[in-house]
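Asker: Quick one, structure for this:
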Amino acid sequence: MTAKRFGELLTESILMIGAKNRSKTINSIETELGRRVGKSRFTIQHWRKGHLPPDTETLEQLAQALMENISLSADWMRTFLEQGEHPNIDSALHRLYPGRKPETESQPSQKITEGAQISPSSILRSVWQKRSHFLGIPKWFWGITGAFFLMVMLMLLTPQLVAAVSPQGWILTSFAGVDDRNLILVNQHIIAAHSNSGIDAVVNLAAYQSAEQPITVTFINLNGPREARWNFGLAYRGETRVTDAETCVDDWSIAYWQTIRLWGDGRHQRISESSQAAPSSSGLTSSTPWVVEIQSNGLAVVLIDNIAVAGSYPSPSGVFGSYNLTPYITSAGKHQVTVSVWGEESVTDWRIVFYHHGEIAHVIEGRNDNSLHTEAHYETFEIESENVSKK
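Answerer: Presented below is the predicted three-dimensional model:
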């Protein structure tokens, strides 16, 4: 119950922040809180579902971030820390409320001195605090009635508020670690590439959707020289439908990919995913049946039958990627190969060579002089055991 109640309190505070600042969406609030505690928006969503922060320091950072957005009473914060299983709540409250005694619920009584300004509200508050009944009705009844009324209003207004601040259609967010790149493909075309910027990158997929036909979205993480850290999520009208995150130690390779089919009415279907791409250049010989070598100053990815099998971006040493495609190409029939190159500079060059038993089977090379932050090249062809036929 503790973790579940913690998630409910966190959700309550996020809704309070949204009510205070109508210009902020739930997604943006989660992103801001995640940034304050060194996490992503999806971690905040994970906690809202009834999971606790990993340590005391993170819990206090989250509490401080909430207090910077809205005014929270010490009693509320005490409950929040208790449900978050903080080991020393009083010490935490003294840090969060310096100069106060947060452990005491009631405030010291104040004497009314001659000449003091007495307002009707202060008289009413004094009567309320000193009497057990108000207008002849017990105070506990007023409390229950007020809580019930508030609950009914929240139930009635929350769907409208969420609908008002939530985007229509599918939204993709992604976060990439240092030296990593996240590629977003729609129908096998790269439409966005995200690097490490400290915050979640956002892609509105509404422009690619239609009411009749679904779209195929592929998320790919390209790892650099250090371990890969990434996460991504898909939300439909503000509601998260798909979310994944992982850390991978393999370098200069595809650390993860996933392909999902999305419909305009909110339905989705996972087609394929993997946290391990085709092996890199280690162990490759001239007798290896199928190999691809990727050279480009942009980001390049190879898909076979809609499965991401190879991807690379330039290393500082000038070493480019070679990948074994044999597990994805059998003698049973034809296979569709797709190559997409994304420009990270104004001018993008690429040379992608497919080898069959050490002999060149197909070459894709070219140059795009106006390719900054756009797809520089796209090509698809069919491949068999002995030949290549370009579409």
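Asker: Name the spans of the stretch 151-300 of the chain whose pLDDT lies under the cut-off.
Answerer: Within the stretch 151-300 of the chain, the stretches with pLDDT under 70 are 152, 154-168, 196-200, 225-228, 245-253, 275-284.
Asker: 50 instead?
Answerer: Across the stretch 151-300 of the chain, the stretches falling below the confidence threshold (pLDDT under 50) are 159-166, 277-279.
Asker: show me where it has strands.
Answerer: Counting by DSSP state E, counting those that start in this stretch, the segments of the stretch 151-300 of the chain that form strands are 170-176, 181-186, 189-194, 201-204, 215-223, 228-236, 239-248, 253-262, 268-274, 290-296, 299-304.
Asker: and of the ones you listed, who's closest to residue 24?
Answerer: strand 201-204 (14.2 Å; CB to CB). Every C-beta, even on glycine, is put in place using the N, C-alpha and C of the backbone.
Asker: Describe which strands the closest one pairs with in its sheet and in which direction.
Answerer: For strand 201-204, the paired strands and their directions (DSSP bridges) are strand 170-176 (antiparallel).
Asker: CA atoms only for the partner strand, dumped as PDB, please.
Answerer: Extracted C-alpha coordinates of strand 170-176, given in PDB (Å, rounded to 0.1, in the frame of the first residue of the first chain):
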ATOM      1  CA  TRP A 170       0.600   9.800 -31.400                       C
ATOM      2  CA  ILE A 171       3.600  11.500 -29.700                       C
ATOM      3  CA  LEU A 172       7.100   9.800 -29.500                       C
ATOM      4  CA  THR A 173       9.700  10.900 -26.900                       C
ATOM      5  CA  SER A 174      13.200   9.600 -26.600                       C
ATOM      6  CA  PHE A 175      16.300  10.100 -24.500                       C
ATOM      7  CA  ALA A 176      19.900   9.200 -25.700                       C
END
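Asker: for it, the distance to its chain's centre please.
Answerer: Here the centre of mass of C-alpha atoms in strand 170-176, compared against the chain's by CA atoms, centre = their mean, to the nearest Å, lies 5 Å away.
Asker: what's in contact with it?
Answerer: The contact list for strand 170-176, computed with CB atoms under 8 Å, 6 or more residues apart in numbering, reads 27, 40-42, 182, 184, 194-196, 199-206, 209, 217, 219, 221, 229-236, 262.
Asker: can you list the strands of the stretch 151-300 of the chain in CSV and add distance to residue 7 and mean neighbour count?
Answerer: Formatted as CSV, these follow (distance: least, CB to CB, whole Å; neighbours: other CB atoms under 10 Å):
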stretch, distance to residue 7, mean neighbour count
strand 170-176, 20, 24
strand 181-186, 28, 23
strand 189-194, 28, 20
strand 201-204, 24, 17
strand 215-223, 26, 24
strand 228-236, 17, 24
strand 239-248, 14, 15
strand 253-262, 26, 23
strand 268-274, 24, 13
strand 290-296, 44, 22
strand 299-304, 37, 25
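Asker: Select, out of the ones you listed, the one closest to residue 362.
Answerer: If you check each of those against residue 362 by CB to CB, strand 290-296 wins as the nearest, at 9.2 Å.
Asker: other SSEs contacting that closest one?
Answerer: Contact partners of strand 290-296 among helices and strands, from 3 or more CB pairs under 8 Å, 6 or more residues apart in numbering; DSSP states H and E: strand 299-304, strand 307-312, strand 321-324, strand 348-356.
Asker: in its sheet, what does that strand sit against?
Answerer: Using DSSP bridges, strand 290-296 pairs in its sheet with strand 321-324 (antiparallel), strand 348-356 (antiparallel).
Asker: can you list these in TSV and add mean pLDDT, mean neighbour count and distance to residue 98?
Answerer: TSV is the format used below for the strands paired with strand 290-296 (pLDDT from 0 to 100; neighbours: other CB atoms under 10 Å; distance: least, CB to CB, whole Å):
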stretch	mean pLDDT	mean neighbour count	distance to residue 98
strand 321-324	81	22	54
strand 348-356	90	20	55
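Asker: Now distance to residue 59 too, for these, in a markdown table please.
Answerer: Rendered in a markdown table, the data for those read as follows (distance: least, CB to CB, whole Å):
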| stretch | distance to residue 59 |
| --- | --- |
| strand 321-324 | 42 |
| strand 348-356 | 46 |
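Asker: Give me the domain ranges for this protein.
Answerer: Following automatic domain parsing, one gets these domains for the chain: 2-96, 132-165, 167-275, 278-391.
Asker: picking up where we left off before, residue 4: which of the helices and strands packed on strand 290-296 is closest?
Answerer: Per CB to CB, nearest to residue 4 of these: strand 307-312, 37.5 Å.
Asker: List the buried residues of that closest one.
Answerer: By neighbour count, and taking 16 or more other CB atoms under 10 Å as the criterion, the buried residues in strand 307-312 are 307-312.
Asker: what angle do that strand and strand 181-186 make?
Answerer: Following axes from the mean of the first three to the mean of the last three CA atoms, to 10 degrees, one obtains 140 degrees for the angle between strand 307-312 and strand 181-186.
Asker: Pull up the pairing partners for strand 307-312, direction included.
Answerer: Sheet neighbours of strand 307-312, with direction, are listed as strand 299-304 (antiparallel) (DSSP bridges).
Asker: ok, residue 85 touching residue 52?
Answerer: Yes. Using CB atoms under 8 Å, residue 85 is in contact with residue 52, at 6.1 Å.
Asker: Compare those two and say which is more crowded by neighbours.
Answerer: residue 52 (17 against 14; other CB atoms under 10 Å).
Asker: on that earlier part again, would you convert the helices and strands packed on strand 290-296 into TSV that also reports distance to residue 46?
Answerer: Formatted as TSV, the helices and strands packed on strand 290-296 follow (distance: least, CB to CB, whole Å):
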stretch	distance to residue 46
strand 299-304	29
strand 307-312	26
strand 321-324	33
strand 348-356	38
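Asker: and residue 241, which of these is closest to it?
Answerer: Among the helices and strands packed on strand 290-296, strand 307-312 sits nearest to residue 241 (CB to CB), with 21.0 Å.
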